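K.L.:
Output the structure for:
(chains A and B)
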Amino acid sequence: MTSLNIASAQAAANVMEDGLLGDPVPLWKQTLKRLLRKRSGQVGMFLIGFMVLVAIFAPLIAPYDPNQVLIGIEDVKRRDPPCVHMLGCDVSRPQHIMGIDGNSRDVFSRLVYGAQISLMIGVVTVTIALIVGVFLGAIAGYFGGWTDNLIMRCMDVILGFPALLLAIAIVAVLGPGIVNALLAISVVSVPGYARVTRASVLSVKSQDFVAASRVLGGSKWRILFTRVLPNALTPIVVLATMGVAGGILEAAGLSFLGLGAQPPTPEWGTMLGTEKDQMFSSPHLVFFPGIAIVITVLGFNLLGDGLRDALDPRLNS
Amino acid sequence: MLGYAIKRLLSAIPVLFGILVVTFSLARLIPGDPCKAMLGDKVSDATCAEFVRNFGLDQPIPVQFLYYLRDIAQGNFGNSIRFSRPVTQIIIERLPMTMELAILALIVAAVAGISIGIFAARRHNTAADVGTMALANVGIAMPIFWLGLMMAYVFGVMLKGTPLWLPPSGRLTAGLSSVPFYQVWGWELTKGTFGAQFAEFISNFYIFNALITQNWVVFTDAVRHMILPALAVATIPMAVIARMTRSSLLDVLGRDYVRTARAKGVPDNKVVRRHALGNAMLPVVTILGLQMGALLSGAVLTETVFGLAGVGRMLVEAIFARDYPIVQAFTVMIATIYVVVNLIVDLSYTYLDPRVRPQ
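P.N.:
Numbering: from 1, shown residues only, chains lettered A, B, ... in the order given. Take a look at the predicted model:
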């Protein structure tokens, strides 16, 4: 009996803590709390936090300017392997912990500045795709009928292409470059957001509070944007987080093929692409940019996983 | 069942049509004069006039589109500007390599992914489970081209001289060549006929060609050259499939009928194999189809890394050379393959799962 009482008291305490009783706790606060309890959420936030800090403090972290050619300034040769004093590299030599690239620049400094570019690419592509996709999906889901049909069939066509291939084709038309690559990746990610938004809006719009708004005489657009959409955003948050990872990977792929960021931009994919033929003689030029991509992409994927669990009410009862 | 198949088939038509519209418009959206864009800035006005007439560019856009549809229906993708050869011929030479790579990668991804997924699910919440899933997460986060380069370095350079050494580039060792099966068998083929083109297409699947002509030296060599690219292309789909198999199997293992089977005393192995696995595979089949896109995109990136002469590398080269007939044709082709594969997956899904089969 006592153990039961203790158990139920504990359960009640948990409920209180979760904010189901007492003062309402905002959704984002609950989510953050649950997220921090999950291993994937912790690791994801740590990795992203790390990359964001690197990007913000790049000028302080990087020992050199990312585009500074070091020949004539220091005693280095093109594609010198990494030299770390702590690991036994001769102290008389200048320290370059990730080596020197084919244009005699410090790889580490380029990598650090590359964090700014990759994060920017991920966030910008997702923002563009999110705005367009959510708008289209919301209209399709809320208005239904031929509007729905027309929008979703167009989305089907975009989904009919393998994403990277369509992005390549778009860049082929617009011309290689980072801005065009960003646009291309945004275009191919729109259908994902449109589909999820539409499904989410469909389930929300039939709920009573929407009907109540309609009875009160709210206009269609007002109801859609102030009542339906805010309540339909949860699954989109997860998709957008993973979308940042996808965007970074696709942009790196385009840059690797020479279709994205152009040299001398210190973009990780470009760094890999320009040095890929030196793989066998100077593997450090390929190894480090790849690791940077993996860490960033992994971070956003894990955060997305964690968010999905944290936002899923079934898993948090 | 047949009715559903036809309905699903018909629903693919608007998508295919849309793909044609998109590729047609893309070529028309190229900024500037199409003649100068394709033939270069120094081209004379007379050549341009002829070019415009040849490609029907003086016609209204809807008429151009109809011409375009007619050509594609006839399998005529025009001539490559760079090579002055029919694009169809280039497809015959290049596509088999990419398909070979994609099929091998799909087999690796499916077999390894499903096995890993089952392994992890059966050890739910143990270190083995957490470890494999962490690895799967890393696998999804890796850029294919980077993984390919790293594998080429490890197996092609670091393991040089050991039996584990694998060739890091090309399709066959220099000196070896793949003799088409129709030459081995002494077939007389008239050049240019459909039969001859088809035979040539099939013979460009080097592994398959070596297998049917029983040329084991070429066979082993071709397989060895494909191992690294196939592993690289397979990694991401493999990780996705492993995760899907695991979560799906865990879901099924928690169902009542599995508990009933266990209560009856069915051995654990048999419960997984006979009772749970069949139902757990359904979502995996869908994922398998969706991964086809990843495989095709992966092939584009991997061919560049491993110096393989497939459609992916050709496409990228064509973009830089502004060889738009190739870009257009290859885009249509890959997208069509993608749509058809997904169609097949959809149909097989209804075949496998009676619940989604319309009555």
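
K.L.:
quick one: contacts for the residue of the stretch 101-250 of chain B found nearest chain A?
P.N.:
Residue nearest to chain A within the stretch 101-250 of chain B (CB to the nearest CB): B:Trp146, separated by 3.5 Å. From N, CA and C alone the C-beta is placed, and that goes for glycine too. Applying CB atoms under 8 Å, 6 or more residues apart in numbering or on different chains, we find B:Trp146 in contact with A:Leu272, A:Val286, A:Pro289, A:Gly290, A:Ile293, A:Val294.

K.L.:
who wins for most neighbours among these?
P.N.:
Using other CB atoms under 10 Å in any protein chain shown as the neighbour test, the contacts of B:Trp146 are led by A:Pro289, with 30 neighbours.

K.L.:
Name the SS class of the residue nearest to B:Met292 when sequence neighbours are not counted, please.
P.N.:
The spatial neighbour of B:Met292 that comes closest, neighbours along the chain excluded (CB to CB, 6 or more residues apart in numbering or on different chains), is B:Val341 at 4.6 Å. With DSSP: H, G, I helix; E, B strand; the rest coil as the basis, B:Val341 sits in helix.

K.L.:
Same check on A:Leu164?
P.N.:
For A:Leu164, the secondary structure call by three-state DSSP comes out as helix.

K.L.:
low pLDDT regions in the stretch 251-359 of chain B?
P.N.:
Applying pLDDT under 70 to the stretch 251-359 of chain B flags residues B:356-359.

K.L.:
How about the residues of it by chain A?
P.N.:
Applying CB under 8 Å from any CB of the partner chain, one finds that the stretch 251-359 of chain B approaches chain A through B:292-294, B:296-297, B:300-301, B:304-305, B:315-316, B:319-320, B:324, B:327, B:331, B:334-335, B:338-339.

K.L.:
Contacts only, for the residue nearest the centre of chain A.
P.N.:
By CA atoms, centre = their mean, the mean C-alpha position of chain A lies nearest to A:Val244, the distance being 1.8 Å. When contacts are counted by CB under 8 Å, 6+ apart, A:Val244 is found next to A:Gly122, A:Val123, A:Thr125, A:Val126, A:Phe300.

K.L.:
picking up where we left off before, just confirm the residue nearest to B:Met292 contacts B:Leu288, I think it does.
P.N.:
No: taking contact to mean CB atoms under 8 Å, the distance of 9.4 Å between B:Val341 and B:Leu288 leaves them out of contact.

K.L.:
pretty sure A:Ile71 contacts A:Asp106?
P.N.:
No: between A:Ile71 and A:Asp106 there is no contact, the gap being 11.9 Å when judged by CB under 8 Å.

K.L.:
Could you list the buried residues of stretch A:57-64?
P.N.:
Of all the residues in stretch A:57-64, those buried under the rule 16 or more other CB atoms under 10 Å in any protein chain shown are A:Ala58, A:Ile61, A:Ala62, A:Tyr64.

K.L.:
Have a look at chain B and report its longest helix.
P.N.:
Using DSSP state H, we find that the single longest helix of chain B is helix B:216-253.

K.L.:
And that one, what's buried?
P.N.:
Neighbour counts over helix B:216-253 (16+ other CB under 10 Å) mark B:218-219, B:221-222, B:225-226, B:228-250, B:252-253 as buried.

K.L.:
on contacts alone, who are the packing partners of that helix?
P.N.:
Secondary structure elements in contact with helix B:216-253, counted by 3 or more CB pairs under 8 Å, 6 or more residues apart in numbering or on different chains; DSSP states H and E, are helix B:87-122, helix B:127-141, helix B:144-153, helix B:206-212, helix B:277-306.

K.L.:
what packs against the longest one?
P.N.:
Applying 3+ CB pairs under 8 Å, 6+ apart, one finds that helix B:87-122 contacts helix B:127-141, helix B:194-203, helix B:206-212, helix B:216-253, helix B:277-306, helix B:311-320, helix B:324-352.

K.L.:
change it to 7 Å
P.N.:
Of the remaining helices and strands, those touching helix B:87-122 by 3 or more CB pairs under 7 Å, 6 or more residues apart in numbering or on different chains; DSSP states H and E are helix B:127-141, helix B:194-203, helix B:216-253, helix B:277-306, helix B:311-320, helix B:324-352.

K.L.:
Out of those helices, flag the one nearest B:Arg53.
P.N.:
Of all those, the one in closest proximity to B:Arg53, counting by CB to CB, is helix B:324-352 (16.2 Å).

K.L.:
ok and that closest one relative to helix B:311-320, angle-wise?
P.N.:
When axes from the mean of the first three to the mean of the last three CA atoms, to 10 degrees is applied, the directions of helix B:324-352 and helix B:311-320 differ by 150 degrees.

K.L.:
Tell me the spacing between the residue of the stretch 101-250 of chain B closest to chain A and B:Thr286.
P.N.:
B:Trp146 sits 28 Å away from B:Thr286, taking CB to CB, to the nearest Å as the criterion.

K.L.:
Drop the exposed ones from the residues of the stretch 251-359 of chain B next to chain A and show what's left.
P.N.:
When those are checked against 16+ other CB under 10 Å, the ones flagged as buried are B:292-294, B:296-297, B:300-301, B:304-305, B:315-316, B:319, B:324, B:327, B:331, B:334-335, B:338-339.

K.L.:
Right, I'll call it a day here.
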